[in-house]
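Asks: Can you look at this prediction? I've put the sequence above it.
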Amino acid sequence: MFSEKEILATFEMIKNEHLDVRTITLGISIFDCASTHLEEFKQKLEQKIIGYADKLVSICDEVGDKYGIEVVNKRIAISPIGVVAASYSRNQMVEIAKTLDDIAERVGIDFIGGFSALIEKGMTKGDRALIEAIPEALSSTSRVCASVNAASSKAGININGVYKLAKIIKQAAALSAAEDGIACAKMCVFANIPQDVPFMAGAYLGVGEPEAVINVGVSGPGVVKRAIERALVTKPDADLGFMAEVIKRTAFKVTRVGELIGREVAERLGVKFGIVDLSLAPTPNVGDSVGEIFQALGLESIGVPGSTALLAMLNDAVKKGGSFASSYVGGLSGAFIPVSEDLNINQAVTSRCLSLAKLEAMTSVCSVGLDMVAIPGDTSEETLAAIIADELAIGVINNKTTATRIIPVPGKKSGEKAFFGGLLGEATIIEVPQGSSKDFITKGGLIPAPIHSLKN
Amino acid sequence: MLKAVLSVLGEDRPGIVASVSALLAELECNIEDISQTILQGEFAAIFLFSLKAEHNFDKVAEIISATLKEQGLTIKLKQKAKQTFTPYVSTQPFILTAIGKDKPGQIAKLTQIIAEFGCNIANLRATYQSELYPDKVLMFYELDIPEDIDLMNFKEKIMNAAKDMGMEVTLQHKNIFENIHRI
């Protein structure tokens, strides 16, 4: 028999603290679909993906119902199209994206990831075709997500690639200008991209992954915040060591939920269970925000001095609790600070407590990076490339994943608002520091891989 | 072997279990299972015990009744029945939690639906003055739900009934609690 406290704690987490499983992502290898005939390739994609994913949504709902925990998003990640479909042209890549969009719609999921390329050391013919197809592919589909790995700790930073991607992002924004450049919200540029991320837009299935695999992204910023608030009521003089312990215990619980549900979904689908991604992923709802955790712990707002230290503690405590709860932890595993997707973080931009510089500093101690950041539409390609390069450098030097999902909102200036809708939320456009980066970025080339000793 | 069930009710005080079990020991009865609880100061316990083959049930029952009544306890004693209800071969353990403003008939309504679907209540607690919700009634049902029933339909009926009575409910497989709270 469970105690009243245990049962009520669970009841509260679900009813009032937004505990859910944020995403169950089915990874499907599509290497065996490769073909030099486009029609054949499309047909094979359809057969294979639908074959595995046909029951994904219904099974996730059934398992969610059984445990009384909602599986909010069901998604698919496939092998990188830039590799699998390397023989195709830019226009054919756009057609592939449309096929993927149709498949996603047919199986009832909101996003399919894997329109991806790995270019940290240079671009193949297939990578180039895929990257050039991104603006049209993402603005003419609604479910396809793209990601490009442009840097790694072992290879360095491909500045030529970053510059090209900055141009691509600007084009994608222009093609979806009517929706404030929403195509850019479906595209990430990475350093050290993990092969098993379940979260979009960066999800793809790496080459070392199994045939089909279930990876799970947990949620829980609301649960963590309430746990902190409750702890402060019962122990008002609690110090940060105590608060870290509270976060750790909460992360443990949240992770256990994710793994339990993920394993059962994998079993029912007849595929392997991969990993739990421990990331605290917010939504644009009050009470489901990473920014609110900063306030619960005593900062006036996310972005004020102290934010980096607080985030470092939060991120580490989440990892400690999560890695005790599950032996198979992967993906990004940290706290997300996506500006538009977290109501509270966006308010911090609006009130000017949070600047681009502080956001960048914070990404050195948490997962992801400059995520869902809206910048003025007139930001130059070179400045955008430089912002991306800065972010990737943090990942490369610190042996961690970093990424950017930046939206240069066409026709809008800093302080104005961009509206993306749904889980993508809305963003106040953040100010970009003045001064030209042009002569640095246009030099191009590869920034060499960093030394892995002399760590200071 | 002859087995008997004894239920004991009375105002709670230290020593009730001690005196009942001492009496059973004196009568050479072996206690196999006990369940005891206190509800708002009222003590309630069920003792399941076995008697030696040479014992006469009626005689033992007489002694127990007389002794415990003297101590101000209300008792009921009967021979353990042969089991006629066969539990479902395969059931799944679920926990139904219901919280809301207290009204008469809530338990009756919920348990009626539970019974209609052939679900067995393995454990039930309802409290009216909990620390977290002092003004609400809390109910926890541990249910054995047959695997062959339409779980969605059951859940929907329970949800709707609870909503009509101003209660919030959740129905969850027991594993979720095991996973969250136990290592």
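Replies: Happy to help now that I have it.
Asks: residue in chain A nearest to chain B?
Replies: Closest contact between chain A and chain B, by Cβ to the nearest Cβ, is at residue A:68 (3.7 Å). In short, each C-beta sits where N, CA and C put it, glycine included.
Asks: From what I see, that residue and residue B:177 are in contact.
Replies: No - using Cβ atoms under 8 Å, residue A:68 is not in contact with residue B:177; the gap is 10.4 Å.
Asks: and the two? which has more neighbours close in?
Replies: residue A:68 (22 against 19; other Cβ atoms under 10 Å in any protein chain shown).
Asks: Name whatever forms a beta bridge with the nearest residue to that one once chain neighbours are set aside.
Replies: The spatial neighbour of residue A:68 that comes closest, neighbours along the chain excluded (Cβ to Cβ, 6 or more residues apart in numbering or on different chains), is residue B:172 at 3.7 Å. Counting by DSSP bridges, residue B:172 forms beta bridges with residue B:95.
Asks: quick one: contacts for residue B:172?
Replies: Contacts for residue B:172 (Cβ atoms under 8 Å, 6 or more residues apart in numbering or on different chains) come out as A:10, A:66, A:67, A:68, A:69, B:94, B:95, B:97.
Asks: Contact distance from chain B - what residues of chain A qualify?
Replies: Contacts of chain A with chain B, taken as Cβ under 8 Å from any Cβ of the partner chain, map to A:1-2, A:4, A:6-11, A:14-15, A:65-69, A:253, A:256-257, A:259-260.
Asks: Identify the residue spatially nearest to residue A:212, adjacent ones excluded.
Replies: Residue A:212 sits nearest to residue A:271 (Cβ to Cβ, 6+ apart), 4.1 Å away.
Asks: Would you map out the domains in chain B?
Replies: B:3-79, B:91-181 (automatic domain parsing).
Asks: got the ones you listed as JSON lines, with mean pLDDT columns?
Replies: Below are those laid out as JSON lines (pLDDT from 0 to 100):
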{"stretch": "domain B:3-79", "mean pLDDT": "92"}
{"stretch": "domain B:91-181", "mean pLDDT": "90"}
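Asks: most packed of those domains?
Replies: Comparing these by mean neighbour count (mean count of other Cβ atoms under 10 Å in any protein chain shown), domain B:91-181 ranks first with a mean of 17.
Asks: What's the end-to-end length of that one?
Replies: 23 Å (Cα to Cα, to the nearest Å).
Asks: And for stretch A:139-150?
Replies: 22 Å.
Asks: Tell me the buried residues in that stretch?
Replies: A:139, A:141, A:143, A:144, A:145, A:146, A:147, A:148, A:149, A:150 (16 or more other Cβ atoms under 10 Å in any protein chain shown).
Asks: hmm, back to that, what are the phi and psi values at the residue of chain A closest to chain B?
Replies: phi 70, psi 30 (degrees, to the nearest 10).
Asks: circling back to that earlier point, quick check: the residue nearest to residue A:68 vs residue B:141, distance?
Replies: For residue B:172, the distance to residue B:141 equals 11 Å [Cβ to Cβ, to the nearest Å].
Asks: Ok, residue A:5 next?
Replies: Taking Cβ to Cβ, one finds residue A:5 at 17 Å from residue B:141.
Asks: likewise residue A:344?
Replies: 38 Å.
Asks: re the thing from before, pipe the buried residues of stretch A:139-150 into a markdown table and attach secondary structure and distance to residue B:41 per row.
Replies: As requested, the buried residues of stretch A:139-150 are exported to a markdown table (DSSP: H, G, I helix; E, B strand; the rest coil; distance: Cβ to Cβ, whole Å):
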| residue | secondary structure | distance to residue B:41 |
| --- | --- | --- |
| A:139 | helix | 70 |
| A:141 | coil | 67 |
| A:143 | coil | 61 |
| A:144 | strand | 65 |
| A:145 | strand | 61 |
| A:146 | strand | 67 |
| A:147 | strand | 64 |
| A:148 | strand | 69 |
| A:149 | strand | 67 |
| A:150 | strand | 71 |
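Asks: for those, which one is nearest residue A:113?
Replies: Closest approach between the buried residues of stretch A:139-150 and residue A:113, by Cβ to Cβ: residue A:145, at 4.2 Å.
Asks: surely that closest one meets residue A:110?
Replies: No - in this structure, residue A:145 is not within contact of residue A:110 by Cβ under 8 Å, at 10.0 Å.
Asks: Please point out which parts of the helix ranked longest in chain A sit buried.
Replies: When chain A is parsed with DSSP state H, its longest helix is helix A:240-269. Using 16+ other Cβ under 10 Å as the test for burial, helix A:240-269 gives A:243-244, A:246-266, A:268-269.
Asks: and that helix, what's its mean pLDDT?
Replies: Per-residue pLDDT values across helix A:240-269 average out to 94.
Asks: mind checking how far it is from the chain centre?
Replies: Its chain's C-alpha centre and that of helix A:240-269 lie 19 Å apart, by Cα atoms, centre = their mean, to the nearest Å.
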